[in-house]
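**Student:** Got a predicted structure here, sequence first:
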Amino acid sequence: MKQAPYQALDFTLPDESEKMHTLSDYEGKWVVLYFYPKDDTPGCTVEACSLRDARDDLAELGAEIVGISKDDASAHEKFKAKHSLNFTLLSDPTADVIEQYGAWGKKQFGVEGILRKTFIINPEGIVVKVYGRVTPIGHGEKIVADLKELQKI
């Protein structure tokens, strides 16, 4: 895993309505970019709901939340509706972006897949904080606290 700070890699991926998003779309804003294994699974739901609940605080700090998994647009649409998720979810079916960000690797029992990772990217497009092996419970609150500290620098 790279040590922050470093330049975030740009990408182009579709959201749940097939609208294309690039990281450069968020230039000038803080971005909470998180990678997660699968829509509507227990851990991913807890993590997404934690971020949903922290979204207003993050927005006050000038941050946008963007989630990425291999799930397709219809799965993202259902996941967002079911849990009232108030942020963007992007599809990376080939896992190219997931791999570029180091969020693909060996998981429990040696199975390969998406690793739960989060990156805080500053308005200049620099990764300033990386969370590896994220614990879903309270993740949103942790990011809010860390973002406040990062903005003091």
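**Tutor:** All right, it came through fine.
**Student:** Please name the nearest non-neighbouring residue to Val144.
**Tutor:** Using Cβ to Cβ, 6 or more residues apart in numbering and skipping the chain neighbours, the partner closest in space to Val144 is Asp57 (4.7 Å). C-beta here means a position set from N, CA and C on the backbone, and glycine is covered the same way.
**Student:** so who does Lys2 touch?
**Tutor:** Lys2 is in contact with 102, 127, 130, counting by Cβ atoms under 8 Å, 6 or more residues apart in numbering.
**Student:** The same query, at a cut-off of 6 Å, please.
**Tutor:** If you count contacts by Cβ atoms under 6 Å, 6 or more residues apart in numbering, Lys2 has none.
**Student:** Need the residues that contact stretch 61-74.
**Tutor:** Contacts for stretch 61-74 (Cβ under 6 Å, 6+ apart): 16, 18, 26, 29-36, 39, 51, 87-93, 95, 147.
**Student:** Going through the residues you listed, which ones are buried?
**Tutor:** The neighbour-count test (16 or more other Cβ atoms under 10 Å) marks 16, 26, 30-36, 39, 51, 87-92, 95, 147 as buried among those.
**Student:** And the longest helix seen in the chain, what's buried?
**Tutor:** When the chain is parsed with DSSP state H, its longest helix is helix 42-60. Neighbour-count burial for helix 42-60 flags 44-45, 47-52, 54-55, 57-58 (criterion: 16+ other Cβ under 10 Å).
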